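Q: just a sequence and a predicted model for now, questions to come.
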Amino acid sequence: MAKAIHVMVRVLDLDRSIDFYNKAFGLGVAETLDFDDFALVYLRNPENDFEIELTLNKGQTEPYTHGDGYGHIAVCVEDLGAEHARLQKLGFKPKDIVEFTPGGKLMARFFFVQDPDGYKIEVLQRHGRYH
């Protein structure tokens, strides 16, 4: 059985991205690997062992394009309203909270926020299958 271990995103500024993911989601640096042409920084928190791998391609100056294939990373939280307010206070400009209620039954409460490189992150209230 395969185990999901990380998702990788390419970034232009490691310090800026590390700061965002730490402040927004409590992710800290688990390991840094520095090579001649690129660097990898693995972020995680005590909640689990799934990581976000930040990849810095040295010499890259233009923002990356995400094309139409990238969707989002998702995290879940205990108190969606409090997290939304906290991210607003930090200046991260989260989108409005949405309630997805197909057939009148609550399936999900969530909002989106973007990291410094424009990657979308879905923040979901712990509920149902999102826990």
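A: Perfect, thanks for sending it.
Q: quick one, phi psi at Gly81?
A: Per-residue torsions, Gly81: phi -60, psi -40 (degrees, to the nearest 10).
Q: show the model's pLDDT score for it.
A: Looking at Gly81, its pLDDT is 97.
Q: now Gly128
A: 89.
Q: any idea how this structure splits into domains?
A: What automatic domain parsing lists as the domains of the chain is 1-59, 71-131.
Q: show me how far the last one is from its chain's centre.
A: Okay, so that is domain 71-131. Its chain's average C-alpha position is 11 Å from that of domain 71-131, according to CA atoms, centre = their mean, to the nearest Å.
Q: which residues of the chain fall in helices?
A: With DSSP state H, the ranges of helices along the chain come out as 14-25, 80-89.
Q: of all those helices, which one comes closest to Leu124?
A: Closest approach to Leu124 among these (CB to CB): helix 80-89, 7.3 Å. C-beta coordinates here come from the backbone N, C-alpha and C atoms, glycine included.
Q: how about Glu53, what does it touch?
A: Counting by CB atoms under 8 Å, 6 or more residues apart in numbering, Glu53 makes contact with 6-9, 40-43.
Q: of these, closest to Arg129?
A: For the contacts of Glu53, the nearest to Arg129 is Val7 (18.9 Å; CB to CB).
Q: so that closest one bridges to which residues?
A: Beta-bridge partners of Val7, counted by DSSP bridges, are Ile52.
Q: likewise Leu43?
A: Applying DSSP bridges to Leu43 gives these bridge partners: Val29, Ile52.
Q: for it, give its distance to Gly28.
A: Distance, Leu43 to Gly28, using CB to CB, to the nearest Å: 7 Å.
Q: more neighbours: those two, which one.
A: Shown here are Leu43 and Gly28; by other CB atoms under 10 Å, Leu43 has more neighbours (20 against 13).
Q: quick one: closest of the helices of the chain to Gly59.
A: Among the helices of the chain, helix 14-25 sits nearest to Gly59 (CB to CB), with 13.7 Å.
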